[in-house]
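Trainee: Below are the sequence and a predicted model for it; my questions follow.
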Amino acid sequence: MPNLPKEFIERVQVDLGKESDDFFASLKTTPPVSIRFHPHKRTDHIHNTTAIPWCDLGYYLEERISFTSDPAFHAGSFYVQEASSMFLEKVIKQWIPDFKDLNVLDLCAAPGGKSTHLLSLMDGNGLLVSNEVTPARNAILRHNISKWGYSNVVVTQSRPESFTSLGTLFDVMVIDAPCSGEGLFRKDMAAIDEWSVKNTLLCSARQNHILSNVTNSLKKSGILIYSTCTFNPQENDDVIQGLINTGQFESLKIPKVHDGIVETKHGLQFYPHKIKGEGFYIAALIKTDDQGIKPARRKQNKILSLSDQVKQWIGVPDGHRLYQNDNRQYVFPELLAAQFDLLKEHLHIKQAGLCVGETKGKDLIPSPELALSLSLGDNISKVDLNYDEAMEFLRCNNSGMSLPLGWHLATYMNMGLGWLKSVQGRNNNYFPKSWRILNK
Ligand code: SAM
């Protein structure tokens, strides 16, 4: 491990006192490996796990395995996520026990840990707006959201400033803010090199800027969950204090439920020498004031009817509306249409609902996202691949197996991976090149 910055060591020594030696020693230990299972996909091939006390589907693994070499990982069977950050679930269960019909924003969403977790907890109810401003990270987010398979989600790529004009749309806001990353020092050496006092100050200014732009799109009595992966109080409790000082928010107490989690003035802090996970901070607030404009009612866009092909591909066509963007056709829950129309006016939408396919001439080519979706229809021809065949499929190689002409869903452990099209003696592989695995 590179040497820790002197100013960081001094600050931690003041903050943790006698415990600081244990803290510094913990940074030299191997980080635990943890995953969170999908609630509806198969996960029974993963053994030797230990439950994470604060997350129902979160588990520690005994050791790091090659996730890329597990086709079930590519089918969305589980998400690899650091354990402390799964504490989001406890906060949600404490303060938002019923997710029905709620509009939820995950503002800083890539690579998708919190968003996939939120989708599991929402389990098809309400709307998640999953936003990531950085284009390359947004692509990774969309891939992870697609693997999770829910259609009640819109992925946007907008700056916090774009949310100011939206009106009070959201009931819940999760802001997992970009931070100085002190909590990742054990896992990510680059975070140590990038750390400086100047950078922590820039981070804290950026966090305040982000919050000042997005909080007026939170409804009165809406819940704001703020988190970082740093120990720096200026990026944690001080930011929360700033929100309270506006007179618009009150902080909410979060039960710490597990020994070793440290209560701070406004939130909870996770330290790697006290719990099995990385450094993390989380706080929750309620919005007490009614500032902000109610979102205006939108004029409904023309609704396209679902073709027989789309009806066959998606399991629950009723209650979905179809829209087209370039050549891609999407279905989106009808119940969420008003929110979608509003978002379209203010934000840069990258993906909404489920992309069912792309039109090419008279044909509709089924989309890679459809293969991973929980809404996939039952009457689709499926080919269950063994391990070696699945790995070949994920490398985008064509298969020589004998199949009837037409489209087939390639599955592994009965979970969709992607599409094969059998044409005149060969099966073309439609797994996207940008998702393919490159290892031998
Ligand atoms: N929530 C994610 C998860 O659980 O997988 C991790 C989010 S990461 C801590 C913070 C994200 O904020 C990064 O993806 C980064 O690109 C994004 N970000 C950076 N600057 C930003 C800004 N000024 N406004 C909004 N998001 C920003």
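Mentor: Now that the structure is in, tell me what you want to look at. Residues are numbered from 1 along each chain as shown.
Trainee: For the rest of this, base every contact and every neighbour count on C-alpha atoms.
Mentor: Noted.
Trainee: quick one: pLDDT of the nearest residue to Asp101 once chain neighbours are set aside?
Mentor: Nearest residue to Asp101, sequence neighbours excluded (CA to CA, 6 or more residues apart in numbering): Gly126, at 4.1 Å. Predicted confidence (pLDDT) at Gly126: the value is 95.
Trainee: give me phi/psi at Gly126?
Mentor: Backbone torsions of Gly126, given as degrees, to the nearest 10, read phi 70, psi -170.
Trainee: cool, and Glu250?
Mentor: The phi/psi pair for Glu250 (degrees, to the nearest 10) is phi -120, psi 140.
Trainee: Enumerate every residue touching it.
Mentor: 244, 285-288 (CA atoms under 8 Å, 6 or more residues apart in numbering).
Trainee: ok, now Pro333?
Mentor: Pro333 neighbours (CA under 8 Å, 6+ apart): 151-152, 319-321, 353.
Trainee: Pull out the buried residues from those.
Mentor: 151-152, 320-321, 353 (16 or more other CA atoms under 10 Å).
Trainee: Show me where the stretch 151-300 of the chain dips below the pLDDT cut-off.
Mentor: 297-300 (pLDDT under 70).
Trainee: What are the boundaries of the helices in it?
Mentor: 189-194, 197-214, 237-245 (DSSP state H, counting those that start in this stretch).
Trainee: Tell me what angle the second one forms with helix 237-245.
Mentor: Computed with axes from the mean of the first three to the mean of the last three CA atoms, to 10 degrees, the direction of helix 197-214 lies at 30 degrees from that of helix 237-245.
Trainee: ok, back up a step: what about the residue nearest to Asp101, distance to Ser221?
Mentor: Separation of Gly126 from Ser221 (CA to CA, to the nearest Å) stands at 17 Å.
Trainee: Ok, Leu141 next?
Mentor: Distance from Leu141 to Ser221, by CA to CA: 29 Å.
Trainee: Give the residue from these two that has the larger number of neighbours.
Mentor: Leu141 (23 against 16; other CA atoms under 10 Å).
Trainee: Which strand or helix spans that one?
Mentor: In this assignment (DSSP states H and E), Leu141 forms part of helix 135-148.
Trainee: what's the spacing between that helix and its chain's center?
Mentor: How far helix 135-148 lies from its chain's middle: 8 Å, per CA atoms, centre = their mean, to the nearest Å.
Trainee: Report all helices and strands that that helix contacts.
Mentor: Under the contact definition 3 or more CA pairs under 8 Å, 6 or more residues apart in numbering; DSSP states H and E, helix 135-148 sits against helix 113-122, helix 368-372.
Trainee: That one versus helix 113-122: what angle between them?
Mentor: Using the same axes, to 10 degrees: helix 135-148 against helix 113-122 is 30 degrees.
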